[in-house]
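>>> Let's see this in three dimensions:
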Amino acid sequence: MDPHLLRTFVAVASSGSFSAAAADLGYTQSAVSQHIAALENSFGTPLLTRRPVAPTPAGERLLEHAGAILLRIEAARADVRRVVGEPPGELVFATTPLAGVGRIAHALTQLRRIRPGIAVTFEVGGREDVARGVASGAFHLGLVDGIAAPSDPLRLPDVGLLRTSAVAQSGLAVVVPADHPMARHGQIGLAGRGRIGLAALVDARWIDAPAVSAPLDDLRAAVETDGLRAALVYSGADVLTLLELVAAGHGLAVLPESIDVPPGIAKIPIDAPRLVHRVELLHGHLDTTAAAALATLLNHP
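Below you'll find the predicted structure:
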């Protein structure tokens, strides 16, 4: 299967337009039509309807595989480029917003001591973006975080062969305004232990900030309830902004118990359900000494 044809098919199916796909890919509309026709001929069946432009049942099935196929091709190219050689003094890595808190700066300081003069590019993104970037070779390393059962790894998107290792794990806590009744009077859930079960908070006001706190969808699944509804949705990736929203009384959020919070915020540890905040290091082949060194520093701070 020609990956150029597959990439064109994905672009048309995603945009619902031959002309839009042509503009995105830098092709003429005629070239896009020829690509789709050639791909359909190779499968012996229509993959797209024309009016409107949409995947056929066969096209839907192909789309389920297309992303992984194209990503694996990118990963293979990246691996070959690294074997052939790439600038030894460059390192590119990425992290989700909470994964690097308290460990990135320290690891980079140590890295610069053993590799002075190294040029580092550091990006912050969502879990899927970081995983795909590592798989495709855009990043040498990635740090991702999320919530999981204590003995479970994180659920990551299917992006091919990635090596993962646990970097850190901590409990979870509900963050509330310092003058919230739970903070003033101890605890409303599990008396005497300064902890709470999420089931006791199903009727509370919540902030859903999936980039920087435990997503409410994940918490609802863990508590097995359709409660825990969002009073406010924050789509940004700045933890301090989220904490300001909590302090102002817009809702509660769940963060790693280990995170430092400013005055005006109280943390109440969660003991039910049993969940942890987990940070994992992602990488492919560590073909550069800088990438290998940073991986070692992150795994053994």
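
>>> could you pull out the helices for the stretch 101-250 of the chain?
Assigned by DSSP state H, counting those that start in this stretch, the stretch 101-250 of the chain shows helices spanning 104-114, 127-136, 181-184, 216-223, 239-247.

>>> Ends of stretch 153-170, what's the gap?
Chord length of stretch 153-170, first to last residue, is 13 Å (Cα to Cα, to the nearest Å).

>>> Which helix runs longest in this structure?
helix 57-84 (DSSP state H).

>>> what about that one, distance to the chain center?
Relative to the chain's own centre, helix 57-84 is displaced by 19 Å; criterion: Cα atoms, centre = their mean, to the nearest Å.

>>> helices or strands next to the next helix or strand after it in the packing?
The first helix or strand that comes after helix 57-84 along the chain, using DSSP states H and E, is strand 90-95. Applying 3 or more Cβ pairs under 8 Å, 6 or more residues apart in numbering; DSSP states H and E, we find strand 90-95 packed against strand 119-124, helix 127-136, strand 141-148, helix 289-299. (Glycine included, C-beta is placed from N, CA and C.)

>>> can you redo the ones you listed as CSV with mean pLDDT, mean neighbour count and distance to A31?
Below are the helices and strands packed on strand 90-95 laid out as CSV (pLDDT from 0 to 100; neighbours: other Cβ atoms under 10 Å; distance: least, Cβ to Cβ, whole Å):
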stretch, mean pLDDT, mean neighbour count, distance to A31
strand 119-124, 90, 13, 33
helix 127-136, 88, 23, 25
strand 141-148, 93, 24, 35
helix 289-299, 87, 19, 38
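
>>> Now render the ones you listed as JSON lines, adding distance to P210.
Below are the helices and strands packed on strand 90-95 laid out as JSON lines (distance: least, Cβ to Cβ, whole Å):
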{"stretch": "strand 119-124", "distance to P210": "14"}
{"stretch": "helix 127-136", "distance to P210": "9"}
{"stretch": "strand 141-148", "distance to P210": "10"}
{"stretch": "helix 289-299", "distance to P210": "24"}
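
>>> winner for burial among the helices of the stretch 101-250 of the chain?
Sort the helices of the stretch 101-250 of the chain by mean neighbour count, taking mean count of other Cβ atoms under 10 Å, and helix 127-136 sits at the top with a mean of 23.

>>> Of the helices of the stretch 101-250 of the chain, which is nearest A68?
Proximity to A68 (Cβ to Cβ) singles out helix 127-136 among the helices of the stretch 101-250 of the chain, at 9.5 Å.

>>> Other residues contacting the closest one?
71-72, 74-75, 78, 94-96, 123, 125, 139-146, 154, 156-157, 159-162, 282-284 (Cβ atoms under 8 Å, 6 or more residues apart in numbering).
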